[in-house]
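[1] Just need the structure, nothing else, for what follows:
(4 chains)
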There are 2 protein chains.
Amino acid sequence: MPLRHALLGMLSEHPHSGWDLTKRFEQSLGNVWTASHSQVYTELGKLEVEGLIEVVGTGARGRKDYAATEAGRAEATRWLRETEPSRSVRNEPILRVFLLWLLEPEEARAYLERERDRHAEQLAFYEQLAHDWPCDSAAVDASRIALEAGLRVERAYVEWAEWAAARYCQADETRDGDASG
Amino acid sequence: MPLRHALLGMLSEHPHSGWDLTKRFEQSLGNVWTASHSQVYTELGKLEVEGLIEVVGTGARGRKDYAATEAGRAEATRWLRETEPSRSVRNEPILRVFLLWLLEPEEARAYLERERDRHAEQLAFYEQLAHDWPCDSAAVDASRIALEAGLRVERAYVEWAEWAAARYCQADETRDGDASG
DNA sequence: ACAGGCATGTAAGTCGTTACATGATTAG
DNA sequence: CTAATCATGTAACGACTTACATGCCTGT
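    Residues are numbered from 1 along each chain as shown, chains lettered A, B, ... in the order given. Okay, the predicted model is just below:
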């Protein structure tokens, strides 16, 4: 149950509301794990019933801030220690590359160029995060290591997409000599 | 529905049995998309009812080889053209890195070293595939481009895991001066 | 007053995992 | 004859997505 443990981990760092956690899944965590707000609120409800998290504050608009209890933090640690990471993967953008031969070369090239742009944007975002990085706690340090993975993987994707688009460019140019677009 | 379209794509290349498709999800495709045999057989049943695939041969032990029909291939192409790739991501091994601060430094380092070894193995496998690559059809070419993504991303992970483990090494050495392990 | 963002929740349906269940073929 | 591998399927349960539903606060 990685969602539950992702939540316990974040709530072991410092309090978050369901809204905050949802935002984190959309932002820095988004290249690693995604969860919709409905999933987050449902799981928070279960975790509270089980005594793994508790409400530690409330705010405007019904906001509730949760933090992990000792039991919750222990459960997150136990999960890290005693279970193997699932290797189940979902990477639809690259899955599509396996099917790219079904398209015309210019369509395939356009797809690869969009991927390059997307990854270039993501890389720029990560570079900004790394540039502004505060040097604080151990939690922050682990996040910095995870960020470094994002940084390096995005860089690899940008270079790959350029290499791949060039392959399809060649195929296209061979056919009609047009290098525009 | 990426599973359905992954199947249609593979069955547009050449015939496969449910067993073959399951194996492909465990091997080359496995770093991009995974599916259990139960999911594969269930989806093949639906695709056949919908006329998107058909049985084109049978073999020993009840083996059934399927191929995409024209309608199936058209559906795969339509999906590529008309839908945006889902950005929903599952990458539990890196998710765990965000929680690594909950462990002792030596445990965290051990985790990163296991990841390094895993990715090094995967990289070696991809390098072998790339080395033995046949130069044939367009389908093969798209797979070669997808393989290149795997190759470059795995290389990035190996280098990242080494960088990351070194960080935890330092933390550990600062505490007890032990550089073994 | 209104728009945009903050904030939380429920329900229906689909997708995915795990376990159950069976049996044929092949190589040693 | 026996183990490994090939080969297919179903069922129960849990996870995830999408849509529905509500309402408050802040800035303009």
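[2] and the host helix or strand of A:Gln39, anywhere near chain B?
    Take DSSP states H and E as the rule and A:Gln39 turns out to sit in helix A:37-49. No - applying CB under 8 Å from any CB of the partner chain, one finds helix A:37-49 out of contact with chain B, separated by at least 11.2 Å. Where C-beta positions appear, they are placed from N, C-alpha and C, glycine not excepted.
[3] My read is that A:Ala164 contacts A:Leu112, right?
    Yes - A:Ala164 lies in contact with A:Leu112 (CB atoms under 8 Å); the separation is 4.8 Å.
[4] any residues in contact with both of those two?
    The contact sets of A:Ala164 and A:Leu112 overlap at A:Val97, B:Ile145 (CB atoms under 8 Å, 6 or more residues apart in numbering or on different chains).
[5] could I have the helix or strand that contains A:Ala74 exported to PDB, CA atoms only?
    Element membership for A:Ala74, per DSSP H and E: helix A:70-82. Extracted as PDB, the C-alpha positions of helix A:70-82 are listed here (Å, rounded to 0.1, in the frame of the first residue of the first chain):
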ATOM      1  CA  GLU A  70       4.100   7.400  16.900                       C
ATOM      2  CA  ALA A  71       2.200   4.300  15.600                       C
ATOM      3  CA  GLY A  72       2.000   5.800  12.200                       C
ATOM      4  CA  ARG A  73       5.600   6.700  12.000                       C
ATOM      5  CA  ALA A  74       6.500   3.200  13.200                       C
ATOM      6  CA  GLU A  75       4.300   1.700  10.500                       C
ATOM      7  CA  ALA A  76       6.000   3.800   7.800                       C
ATOM      8  CA  THR A  77       9.400   2.600   9.000                       C
ATOM      9  CA  ARG A  78       8.300  -1.000   9.300                       C
ATOM     10  CA  TRP A  79       7.000  -0.800   5.700                       C
ATOM     11  CA  LEU A  80      10.400   0.500   4.500                       C
ATOM     12  CA  ARG A  81      12.300  -2.200   6.400                       C
ATOM     13  CA  GLU A  82      10.200  -5.300   5.900                       C
END
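[6] is it anywhere near DNA strand C?
    No - for helix A:70-82, no contact with DNA strand C is found by CB under 7 Å from any atom of the strand; the gap never falls below 13.6 Å.
[7] what angle sits between that helix and helix A:37-49?
    Angle, helix A:70-82 to helix A:37-49, by axes from the mean of the first three to the mean of the last three CA atoms, to 10 degrees: 110 degrees.
[8] helices and strands around helix A:70-82, which ones?
    helix A:2-13 (3 or more CB pairs under 8 Å, 6 or more residues apart in numbering or on different chains; DSSP states H and E).
[9] all helices of chain A, in order?
    Counting by DSSP state H, chain A has helices at residues A:2-13, A:18-26, A:37-49, A:70-82, A:92-98, A:105-131, A:138-176.
[10] Just checking the distance from the first one to the centre of its chain.
    Taking CA atoms, centre = their mean, to the nearest Å, one finds the center of helix A:2-13 at 14 Å from the center of the full chain.
[11] Are that helix and DNA strand D in contact anywhere?
    Yes - counting by CB under 7 Å from any atom of the strand, DNA strand D has neighbours in helix A:2-13: A:Pro2, A:Leu3, A:Arg4.
[12] lowest-confidence helix or strand of chain A?
    helix A:138-176 (a mean of 85; mean pLDDT, DSSP states H and E).
[13] Please give the centre-to-centre distance between that one and its chain.
    Using CA atoms, centre = their mean, the offset of helix A:138-176 from its chain centre is 15 Å.
[14] for stretch A:51-64, same thing?
    25 Å.
[15] before we move on, what about stretch A:99-115?
    Counting by CA atoms, centre = their mean, stretch A:99-115 comes out at 24 Å from the chain centroid.
[16] can you pull the buried residues of that stretch?
    With burial defined by 16 or more other CB atoms under 10 Å in any protein chain shown, the residues of stretch A:99-115 counted as buried are A:99-103, A:105-106, A:108-109, A:111-113, A:115.
[17] when you scan it, is anything in it near chain B?
    Yes - judged by CB under 8 Å from any CB, stretch A:99-115 comes into contact with chain B at A:Leu99, A:Leu100, A:Trp101, A:Leu102, A:Leu103, A:Glu107, A:Ala108, A:Tyr111, A:Leu112.
[18] Which stretch among the helices of chain A approaches B:Arg90 most closely?
    Closest approach to B:Arg90 among the helices of chain A (CB to CB): helix A:2-13, 7.6 Å.
[19] so what's A:Ser12 up against?
    Per CB under 8 Å, 6+ apart, neighbours of A:Ser12: A:Ala67, A:Ala68, A:Gly72, A:Arg73, A:Ala76, A:Ala139, B:Leu99, B:Leu102.
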